[in-house]
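Q: give me a 3D structure for the following:
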Amino acid sequence: MKTALWVAHVHVTDADAYGKYAALATGAIAEHGGVFLARGGAVETLEGPPRARNVVARFPSMQAAHDCYFSAAYQEALSFAKGAAQRELSIIEEL
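A: Next up, the predicted model:
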């Protein structure tokens, strides 16, 4: 089974609310077998809108990544991110 990545590009507009999201999302991601490969850190944007926060998490499968996003725990976390950040998030199957 192929693993999958969550790739998120984020511009935070409300650090306090987004911090609550991050704290809750960490647990939800771990519950679905997700591990962080990159979270914040230095970034150089070569194309597209710059986003200061970039996150990559690996999941055991596309299904696990999908199930995590739609889980009750992650949706609760996501409620804190809405209005607190501009985000793009994709699930990408690894080779």
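Q: and the gap between residue 23 and residue 63?
A: Separation of residue 23 from residue 63 (C-beta to C-beta, to the nearest Å): 25 Å. For glycine as for every other residue, the C-beta is placed from the backbone atoms N, C-alpha and C.
Q: no wait, residue 17
A: Distance from residue 17 to residue 63, by C-beta to C-beta: 30 Å.
Q: please apply the same query to residue 42.
A: 32 Å.
Q: so these two - more neighbours on which side?
A: A direct count of neighbours by other C-beta atoms under 10 Å for residue 42 and residue 63 places residue 63 higher, at 13 against 6.
Q: how far away from the center of its chain is the host helix or strand of the more buried one?
A: Assigning secondary structure by DSSP states H and E places residue 63 in helix 62-70. Relative to the chain's own centre, helix 62-70 is displaced by 11 Å; criterion: C-alpha atoms, centre = their mean, to the nearest Å.
Q: so where's this structure uncertain?
A: The model of the chain has no residue with pLDDT under 70.
Q: repeat that with 90
A: The model of the chain has pLDDT under 90 over residues 1, 40-41.
Q: quick one: contacts of the longest helix that it contains?
A: Ranked by residue count and defined by DSSP state H, the top helix of the chain is helix 15-31. The contact list for helix 15-31, computed with C-beta atoms under 8 Å, 6 or more residues apart in numbering, reads 6, 10, 12, 36, 57, 68, 71, 73-74, 76-81, 83-85.
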